[in-house]
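Visitor: Just a sequence and a predicted model for now, questions to come.
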Amino acid sequence: MVSNAGVKIKVMPDSPERDLIIIESKVKRIIEDNQGTISSTTQEPVAFGLNSITITFSIIETFEQDPLMDKIRAIKNVSSAEIVDFRRIGF
């Protein structure tokens with residue numbers, strides 16, 4: 001039996017001037033296209049006017065992490081993206 005995982009990712013734009021709403025919507029679309037369900041999104045200050053986007057979602061625990069993260073990192077104006085938390089949420 002396959003369970004779901006709760007995943008939290010942090011996405012950094014390449015500049016403080018970037019429109020985080022556009023980046024966030026593209027990340028959400030990629031997650032949903034890979035059968036993920038968005039739980040929450042937040043924007044958090046990092047430094048010098050730069051904010052990160054943190055997105056929490058659930059997805060089948062056997063999903064391929066690298067291809068998903070590569071798609072997110074390929075979004076225009078994204079500097080980096082990383083998984084900051086991964087937890088099994090179903091047994």
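Guide: Looks like it arrived, so ask away. Residues are numbered from 1 along each chain as shown.
Visitor: all helices of the chain, in order?
Guide: 20-33, 65-73 (DSSP state H).
Visitor: Is it possible to get JSON lines of the ones you listed that adds mean neighbour count?
Guide: C-beta here means a position set from N, CA and C on the backbone, and glycine is covered the same way. Below are those laid out as JSON lines (neighbours: other Cβ atoms under 10 Å):
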{"stretch": "helix 20-33", "mean neighbour count": "16"}
{"stretch": "helix 65-73", "mean neighbour count": "14"}
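Visitor: residue boundaries of the strands in the protein?
Guide: 4-13, 37-47, 50-60, 78-88 (DSSP state E).
Visitor: what's the most buried one of these?
Guide: Among these, strand 4-13 has the highest mean neighbour count (mean count of other Cβ atoms under 10 Å), at a mean of 20.
Visitor: angle of it against strand 78-88?
Guide: Here the directions of strand 4-13 and strand 78-88 differ by 160 degrees (axes from the mean of the first three to the mean of the last three Cα atoms, to 10 degrees).
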